[in-house]
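# the amino acid sequence is not available; the structure is as follows:
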């Protein structure tokens, strides 16, 4: 084969490929398919993003305790929780240790720790004072971090409980004082 013949065959092949590409790009079907794929991807992305944006507000209004403001929100960027200090109206007791805070109840009925404080005390202290001082919360964390807002907590956060455990016996770790209050939560977002 001569070099001119080879160049001519290559030009013919390029013309055929060029004609095929021109025919392909002049046809609207491939463009529609690409646009439909992009739109489907964006709809799925937006849907997943919107389902992670939740805002809840709540309170506890019982005969023996009141928490007037509890709220939290979760999204893809920041998770935030706030709870005002509790007003404990039940019988006061002298305690030596305590664990106070918020838990979520999972589908199995188990309580999962969310935001709690605990301490062993050197001398007896008023339960009312401890609850009043140690029950308030205000924190935010990045969604990528999972110190407070673990996946298990976020999944069941609608079932929030405020729990008080304390011991009236010195050097005992068993709680003989136990209160469990369900927080009445209302979802603000869709």
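Yep, it's here. Treat the numbers as computed from the prediction; the structure is a model and nothing was measured. Numbers count the residues shown, from 1 in each chain.
# residues in contact with the longest strand that the chain contains?
Assignment by DSSP state E gives strand 111-126 as the longest strand of the chain. Strand 111-126 has contacts (CB atoms under 8 Å, 6 or more residues apart in numbering) with 81, 83, 92-106, 134, 137, 139, 148, 152-153, 156-157, 160-161, 163, 168, 170. Bear in mind the C-beta positions are built from the backbone N, C-alpha and C, glycine included.
# which strands or helices does the following helix or strand past that strand pack on?
Downstream of strand 111-126, the first helix or strand assigned by DSSP states H and E is helix 127-134. Helix 127-134 sits against strand 87-88, strand 94-105, strand 160-167, with contacts defined as 3 or more CB pairs under 8 Å, 6 or more residues apart in numbering; DSSP states H and E.
# hmm, 6 Å instead?
strand 94-105 (3 or more CB pairs under 6 Å, 6 or more residues apart in numbering; DSSP states H and E).
# pairing partners for the strand it packs on, with directions?
Strands that pair with strand 94-105, judged by DSSP bridges, come out as strand 111-126 (antiparallel), strand 160-167 (antiparallel).
# hang on, the earlier thing: buried ones in the longest strand of the chain?
Applying a neighbour-count criterion of 16 or more other CB atoms under 10 Å, one finds 112, 114, 115, 125 buried in strand 111-126.
# and residue 180, that's in a strand?
Yes. Counting by DSSP: H, G, I helix; E, B strand; the rest coil, one finds residue 180 located in a strand.
# residue 73 contacts residue 80, doesn't it?
Yes. With contact defined as CB atoms under 6 Å, residue 73 counts as touching residue 80 (5.4 Å).
# the lowest-mean-pLDDT helix or strand in the chain: how far from the chain's middle?
None of the helices or strands of the chain scores lower by mean pLDDT, DSSP states H and E than helix 3-26, at a mean of 72. Distance, stretch centre to chain centre, for helix 3-26: 58 Å (CA atoms, centre = their mean, to the nearest Å).
# average pLDDT for the helix or strand that that helix is followed by?
Downstream of helix 3-26, the first helix or strand assigned by DSSP H and E is helix 28-52. Mean pLDDT, helix 28-52: 82.
# which helices and strands sit right next to the following helix or strand past helix 28-52?
Next in sequence after helix 28-52, counting helices and strands by DSSP H and E, comes strand 54-61. Using 3+ CB pairs under 6 Å, 6+ apart, the elements in contact with strand 54-61 are strand 65-74, strand 184-187.
# ok, the residue nearest the centre of the chain - contacts?
Centroid-nearest residue in the chain: residue 154, 3.7 Å away (criterion: CA atoms, centre = their mean). Neighbouring residues of residue 154 by CB atoms under 6 Å, 6 or more residues apart in numbering: residue 74.
# report pLDDT for it.
Looking at residue 154, its pLDDT stands at 85.
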